[in-house]
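1. Okay, predicted coordinates and the sequence, questions at the end:
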Amino acid sequence: MSAVDQNHNCDKKSEKDREESMKRLSKRLSYLLRYGAVKEGLEVDDNGYVELENLCGANLLHSHSKAEVLEAIKSSTSYRHTKRYDYRERNEQIYVRAAYLRNFEKSPFHRNTKVKTLFESSMSCILANLDDYDLQDFPDETILRMMIRRLKREKKLTIKALRVLLAPTVTHLDLEGVYLTNNALRLVWTQCPYLRVVSLKDCGYIITDSVLVQFTKNLRHLEKLNLCRCTHLTNKALATLAKNLPQLHTLHMTRVPSLTSKGVLEFLQKSPAIKFLDVYYLRTTPEEHKSLVETAYSKKVTLVLREPLKTWEVEREECDDEEEEEAQVECDDLTHGRDDDDNDNDDGDDEDVEKSSDEDEKILLEGLLNEIWSDQEADEE
């Protein structure tokens, strides 16, 4: 092999190594700034900001320079072309945070030790022996939700566990990605009659139009609902929501291929309290798109809807599909086997504090960040 070929191969390898390094950095930043900062010993202020110097000192980032970390934070964007991270200067120091989906885990240990806290030891014991407990009169919703979240992360959230943990005090419930049965759903509405916020995102074939009728008839207090990727739903589901949920003000329903612009338009017109509607991937013609935007504007509804496309590129949408789940994948890659304790600092973004009332008055198109689902944001409201 000639010297020129050797140099060429070396350059290619070097470029590949740089790409892999930046990919690892992206995943680690996502984990630290969304979930793991507290657990990894970093100081986080009330608004979710971490000092850049402190962040760069984390063990996970030891192989990356401060310049690399800051550049990744400034340049990283989501599949909707919105910034993943915020940064600002205070007292000549740079502070950074995730723009959304902040849900910090508490450290299970006493500060600067490997001794588990009494709370951690107690929760682990209860979760290991759930059959011995009756929590129907337990008054602390936050702790119940932490237990549900941990079992969900560990893929141990069974119908037996739900029968113990679902109690009337629970008003916010995240079942995203959980394998549900009809009996499990029945437990939800019978044991948690005062639910206000529910995520059924990506819950598979069980979420159908007929199931949603029963679900909403028995949970009339629902205000926020996430039905993203519930691919068996149709326009009938929208009609059901408008009829049965008079207090529903936030609905996420993207990646539901059977929805049509006509069904969404009727929902906007008939839903009495709706203020935020995410149907980003809805396919529309220019005329349909204009009609939806004008209707949303007239009703002061924040609408997340992409521009109409002339040609539908299936490969592009599949790529977007993968990126939409990137946050969860990043966290799973880095925290496999970790417990999921929630900071629940209520819930500070919607999904947190970064949305202003002015934004709620606007019509959001492709370039504007939509409200991201999370327990944090729901509580904060």
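-> Now that the structure is in, tell me what you want to look at. Numbers count the residues shown, from 1 in each chain.

2. C-terminal to the helix or strand hosting Glu15, which secondary structure element comes first?
-> Taking DSSP states H and E as the criterion, Glu15 maps to helix 3-31. Using DSSP H and E, the helix or strand that follows helix 3-31 towards the C-terminus is strand 50-51.

3. in the helix or strand following that next one, what's buried?
-> Sequence-wise, the next helix or strand beyond strand 50-51 is helix 52-56, with elements assigned using DSSP H and E. Within helix 52-56, the residues that qualify as buried by neighbour count (16 or more other C-beta atoms under 10 Å) are 52, 54-56. All C-beta spots, glycine's among them, are computed from the backbone N, C-alpha and C.

4. got a list of contacts for helix 52-56?
-> Contacts of helix 52-56 from elsewhere in the structure, counted by C-beta atoms under 8 Å, 6 or more residues apart in numbering, are 32-33, 37, 42-43, 61, 64-66, 69-70, 87, 93-96.

5. domains in the protein, as residue ranges please.
-> The chain breaks down into these structural domains: 3-98, 170-324 (assignment by automatic domain parsing).

6. Make CSV from those domains and add mean pLDDT and distance to Asp137 to it.
-> Below are the domains of the chain laid out as CSV (pLDDT from 0 to 100; distance: least, C-beta to C-beta, whole Å):
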stretch, mean pLDDT, distance to Asp137
domain 3-98, 80, 31
domain 170-324, 89, 12
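
7. For this protein, just list every one of the strands.
-> 50-51, 85-90, 93-98, 172-174, 197-199, 224-226, 250-252, 276-278, 302-304 (DSSP state E).

8. Show me the one of those that comes nearest His110.
-> Put simply, out of those the one that sits nearest His110 is strand 50-51, at 21.3 Å, with distance taken as C-beta to C-beta.

9. Each with direction, which strands does that closest one pair with?
-> For strand 50-51, the pairing partners within the sheet under DSSP bridges are strand 93-98 (antiparallel).

10. Residues contacting the partner strand, please?
-> With C-beta under 8 Å, 6+ apart as the test, strand 93-98 has contacts from 30, 33-34, 45, 47-53, 55, 70, 73, 84-89.

11. Arg34: neighbour count?
-> Other residues within reach of Arg34 by the criterion other C-beta atoms under 10 Å amount to 25.

12. what's the spacing between it and Asp17?
-> Note on Arg34: its distance to Asp17, by C-beta to C-beta, to the nearest Å, is 26 Å.

13. With Arg149 instead?
-> Here the distance between Arg149 and Asp17 works out to 37 Å (C-beta to C-beta).

14. more crowded one of those two?
-> In terms of neighbours (other C-beta under 10 Å), Arg149 is the more surrounded of Arg149 and Asp17; the figures are 20 against 10.

15. Just say which of the domains of the chain is most tucked in.
-> domain 170-324 (a mean of 18; mean count of other C-beta atoms under 10 Å).

16. ok, which stretches of the stretch 201-350 of the chain are helices?
-> Remark: helices of the stretch 201-350 of the chain, listed N- to C-terminal, are 209-217, 235-244, 261-270, 286-298, 314-324, 326-335; assignment by DSSP state H, counting those that start in this stretch.

17. can you pull the contacts of Val115?
-> With C-beta under 8 Å, 6+ apart as the criterion, the residues that contact Val115 are Phe109.

18. Quick check: it vs Ile143, distance?
-> Distance check for Val115 against Ile143: by C-beta to C-beta, it reads 21 Å.

19. For Met147, give me its contacts.
-> Met147 makes contact with 123, 126-127, 165, according to C-beta under 8 Å, 6+ apart.

20. mind listing what Glu288 touches?
-> Counting by C-beta under 8 Å, 6+ apart, Glu288 touches 261-262, 265, 308.

21. 6 Å - rerun?
-> In this structure, Glu288 makes contact with Ser261, judged by C-beta atoms under 6 Å, 6 or more residues apart in numbering.

22. what's the distance between it and Thr295?
-> With distances defined as C-beta to C-beta, the gap from Glu288 to Thr295 amounts to 11 Å.

23. what do these two both touch?
-> With contacts defined as C-beta under 6 Å, 6+ apart, no residue is adjacent to both Glu288 and Thr295.

24. Phe119 versus Glu266, what's the distance?
-> Glu266 is 49 Å from Phe119, where distance means C-beta to C-beta.

25. Also Tyr194?
-> Taking C-beta to C-beta as the measure, Tyr194 falls 26 Å from Phe119.

26. For the nearest residue to Asp174 once chain neighbours are set aside, list each beta-bridge partner.
-> Excluding its sequence neighbours, the residue lying closest to Asp174 (C-beta to C-beta, 6 or more residues apart in numbering) is Ser199, at 4.6 Å. Per DSSP bridges, residues listed as beta-bridge partners of Ser199: Asp174, Asn226.

27. correct me, but Ser199 touches Gly177?
-> No. Under the contact definition of C-beta atoms under 6 Å, Ser199 does not touch Gly177, with a separation of 9.3 Å.

28. Ends of stretch 150-160, what's the gap?
-> 15 Å (C-alpha to C-alpha, to the nearest Å).

29. buried set for it?
-> 150-153, 157.

30. thinking again about what came up before, now the domains of the chain in a markdown table, with distance to Phe138?
-> Written out in a markdown table, the entries for those read as follows (distance: least, C-beta to C-beta, whole Å):
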| stretch | distance to Phe138 |
| --- | --- |
| domain 3-98 | 25 |
| domain 170-324 | 10 |
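
31. Out of those, the one nearest His110 is which?
-> Where those are weighed against each other on C-beta to C-beta, the nearest is domain 3-98, at 12.1 Å.
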